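S.K.: I'd like to go over a predicted model; first the sequence, then the structure.
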Number of protein chains: 2
Amino acid sequence: MSAPATPVSAAPVSTAPVSTDDVARVAALATRARVASRRLALLSRADKDAALRALADALDAATDEVVAANAEDIERGRRGGMDEGLVDRLTLTAERLAAVAGALRDIAALPDPVGEVVRGSTLANGLQIRQVRVPMGVVGMVYEARPNVTVDAAGLALKSGNAVILRGGSAAESTNRALVGTMRGALEAQGLPADAIGLLDGGRGAVRALLTARGLVDLIIPRGGAGLIQTVVTESTVPVIETGVGNCHVYVDAAADLDKALAIAVNAKTHRPSVCNAAETLLVHASLRETFLPRVLAALSEAGVVLHTDAAAGGVAQSAGTPHVPATAEDWDTEYLALEMAVAVVPDLDAALEHIHAHTSGHTEAIVTEDRAAARRFTTEVDAAAVMVNASTRFTDGGEFGFGAEIGISTQKLHARGPMALPELTTTKWIVEGDGQIR
Amino acid sequence: MSAPATPVSAAPVSTAPVSTDDVARVAALATRARVASRRLALLSRADKDAALRALADALDAATDEVVAANAEDIERGRRGGMDEGLVDRLTLTAERLAAVAGALRDIAALPDPVGEVVRGSTLANGLQIRQVRVPMGVVGMVYEARPNVTVDAAGLALKSGNAVILRGGSAAESTNRALVGTMRGALEAQGLPADAIGLLDGGRGAVRALLTARGLVDLIIPRGGAGLIQTVVTESTVPVIETGVGNCHVYVDAAADLDKALAIAVNAKTHRPSVCNAAETLLVHASLRETFLPRVLAALSEAGVVLHTDAAAGGVAQSAGTPHVPATAEDWDTEYLALEMAVAVVPDLDAALEHIHAHTSGHTEAIVTEDRAAARRFTTEVDAAAVMVNASTRFTDGGEFGFGAEIGISTQKLHARGPMALPELTTTKWIVEGDGQIR
């Protein structure tokens, strides 16, 4: 499931100077993680699965302690005026913690990506070459999402043979410390290095030290709001996978099945508005102005959606008495993450493609149409991680795609694009076996 | 074939300030490239192959013009005191240009990576999902290698449906201008956008503007010496694939076939010392000190290799009267790219693995052994793009691996690791087809 993009704390990254102390502390943490990662890379699947189950059992056993730590965070948050939506996302009840621990057992049941032979051949000179999946090494996670990310990320890293350095939001500090402490203890009890799961505390300078620990950290994955992600992407010299910002469009074509279109538009917007695969803009073909447009505007409005309309859609809403506000230029680039939607009427498929090309964040774009040629053009010409035909944008998700887990949704083109799971946390190595070949 | 890592010009990148003029010029160039890339992404394989052959024909027809432009570069280089090795690498004779044009015809004969279905499935809810290879978009190449890179990169980008922005070394400026002008003309004559192949000129600030054109350029690939690559990696906010620095080791195990070991050590060092897959350090198991070590030192020395020896290897060389110099701490991290080699005696496989772990650049590492357990440990525990058993390090190469082409050798873990060819110039897109599915 994709993480809510709304932060549970202020962005933990800034242009704060990096002290030599922060650099030294991150270097020490990353070096210990690197040493641990060399052990992890050699573990069998059976060993890793046993460790994951032990982590889950340890979290279950530590329920009281974790819930108490979480209560501290909640209390501090409420004192600081945190809104109740964020409080809810931050809250870890015994029931929620049991689900978090259960997710580790689910990860144990997934296939091990390490060791998979991606391709291979025997060369003319007799060399046998094969490209094999191996762990990345040390992965840094910088996030401001719910505390379940702490456990999910640790579990996915462990399963893929990576050490992980976790940097959660300051709002979840006590909770994360309790979760990581419990998991580290469980690793040690299994005879595994506790440093496979590291927690980076300290101020914003510590985060910047992590982002510039090139050579010590192999990959940084940011998860959170657009501000956090942009800061990480801009400041990091460690390779980054950009995740999550989704300015997703639903385009209803002239040849759409209008019942499907209505269901998809409403679902894509309202099913879970706070996540990155929710739709933000609805584009409707001009031929549907009289028929479909009033219907979908009414349905969205009834579902509580604030409609930001262009002139044509605004006119239709006006005639029908549907509440709406005029869209500004910014609306077309806004990821509302809320019950708000921009609506425009487009003269044809070309105009829809141009609008999407101008405003897409490269996450998920959908067309509703029964016209094979329109669907083919849309899927070919739209440049995004996922392109849907007659389906809700909400399906861009590792769980929905059958990956069994998700560490984020990449909106960049390098390494991974779309939902990322275990294979995306690995790299490859060429193994070349010969009997004395030279050039 | 891997590019010589020795620059043909001073590194074109520095900490020079970026002028607003450079930023505007790069933005305009990249925007035109982006528009062109949208055309390229829709071309059929047949169209792209025809275009590649037209480019080759145009280069053949422009031989006199290109050779004349190259003569200007050579003359300027010689006036500036360029050494004759660099002059040779920079020189483009009619014969060499014919080979460069021929490489475009070879690329036309390769399979098209675009459209390949990487994986896919039908979900429980009936959604049909598939992950399909698509072009990256706009690829920037920053290089200081021979002018053939200009044509190779343009050809590989075109075949993979990408627009390319080329930034070659200033020493090859006239040559590159003639090559790119010819290719752009050939594209236009085919009814294709000339801006699919762009040349970035201007000073070092122009390069920095390219490196920070995030959102306009999808990927930067640097090719050249360690200084160039480090600068690009550090300064770029556009995703980068780090290439080419190879501090490659050959470890001769206790259980090595000594004839194979001798041939591999000499070949790995001397076959083409200036390239990244040449070996730089020889590690010899202590049990071979009396038998193999004197032989290999003599053979390397006879082949003209300057030996930088640790105390134990130095003692053996001394007794045998083989010329040698004591290795300093820096030698173990030096990519000589010349007929020089560091030599150390290690007590066992563990020590060899530790040495490699401490000094590897993650390019290629080789073991020579007949012991299955040693080979298995080496291939499992060494963390590098390619790990060889009983084969020369020189085989880490797109051509040798059967890729038919190579745009560089990645030494990073993200996206591509090892020789990169056409598939590595693509990303993927998920296409999801349904009949009205919602969540």
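M.R.: Happy to help now that I have it. Residues are numbered from 1 along each chain as shown, chains lettered A, B, ... in the order given.
S.K.: any idea which helix or strand comes after the longest helix belonging to chain A?
M.R.: Longest helix of chain A, by residue count under DSSP state H: helix A:20-40. For helix A:20-40, the following helix or strand on the C-terminal side (DSSP states H and E) is helix A:45-61.
S.K.: show me what that following helix is packed up against.
M.R.: Packing partners of helix A:45-61 (3 or more C-beta pairs under 8 Å, 6 or more residues apart in numbering or on different chains; DSSP states H and E): helix A:94-109, helix A:148-159, helix A:173-189. To be clear about C-beta, it is placed using only N, CA and C from the backbone, and glycine gets the same treatment.
S.K.: centre of the chain to that helix, how far?
M.R.: 24 Å (C-alpha atoms, centre = their mean, to the nearest Å).
S.K.: and whichever helix or strand comes after that helix with helix A:148-159, angle?
M.R.: With elements assigned by DSSP H and E, the helix or strand that comes after helix A:45-61 is helix A:63-79. Angle, helix A:63-79 to helix A:148-159, by axes from the mean of the first three to the mean of the last three C-alpha atoms, to 10 degrees: 140 degrees.
S.K.: and helix A:63-79, what's its mean pLDDT?
M.R.: For helix A:63-79, mean pLDDT is 97.
S.K.: residues of the helix or strand following that helix that come out buried?
M.R.: The C-terminal neighbour of helix A:63-79 among helices and strands, as given by DSSP H and E, is helix A:84-90. In terms of neighbour count (16 or more other C-beta atoms under 10 Å in any protein chain shown), helix A:84-90 has its buried residues at A:86, A:89, A:90.
S.K.: before we move on, what about stretch A:278-295?
M.R.: A:278-285, A:288, A:292-295.
S.K.: can you give me the strands for the stretch 301-439 of chain A?
M.R.: Along the stretch 301-439 of chain A, the segments classed as strands by DSSP state E, counting those that start in this stretch run A:306-309, A:325-326, A:340-346, A:364-368, A:386-391, A:408-410, A:418-420, A:426-437.
S.K.: what comes up buried for the longest one?
M.R.: By neighbour count with 16+ other C-beta under 10 Å, strand A:426-437 contains the buried residues A:426, A:427, A:428, A:429, A:430, A:431, A:432, A:433, A:434, A:436, A:437.
S.K.: any chance of JSON lines for these, columns distance to chain B?
M.R.: Output for these, formatted as JSON lines (distance: C-beta to the nearest C-beta, whole Å):
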{"residue": "A:426", "distance to chain B": "9"}
{"residue": "A:427", "distance to chain B": "4"}
{"residue": "A:428", "distance to chain B": "5"}
{"residue": "A:429", "distance to chain B": "6"}
{"residue": "A:430", "distance to chain B": "4"}
{"residue": "A:431", "distance to chain B": "5"}
{"residue": "A:432", "distance to chain B": "5"}
{"residue": "A:433", "distance to chain B": "5"}
{"residue": "A:434", "distance to chain B": "3"}
{"residue": "A:436", "distance to chain B": "4"}
{"residue": "A:437", "distance to chain B": "5"}
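S.K.: among the residues you listed, which two are most distant?
M.R.: Farthest-apart pair in the buried residues of strand A:426-437 is A:426 and A:436; separation 31.1 Å (C-beta to C-beta).
S.K.: need the residues of the stretch 151-300 of chain A near chain B, please.
M.R.: A:214, A:218-219, A:233-234, A:237, A:239-241, A:257, A:259-260, A:263-264, A:267-268, A:271 (C-beta under 8 Å from any C-beta of the partner chain).
S.K.: distance of residue A:291 from residue A:23?
M.R.: 63 Å (C-beta to C-beta, to the nearest Å).
S.K.: ok, residue A:178 next?
M.R.: The value you get for residue A:178 to residue A:23, if C-beta to C-beta is used, is 27 Å.
S.K.: just residue A:55 next, same as before
M.R.: Residue A:55 is 30 Å from residue A:23, by C-beta to C-beta.
S.K.: higher neighbour count, the two?
M.R.: Using other C-beta atoms under 10 Å in any protein chain shown, the more surrounded residue of residue A:55 and residue A:23 is residue A:55, with 30 against 17.
S.K.: the helices in the stretch 101-250 of chain A, which residues?
M.R.: In the stretch 101-250 of chain A, the segments counted as helices under DSSP state H, counting those that start in this stretch are A:148-159, A:173-189, A:204-211, A:226-235.
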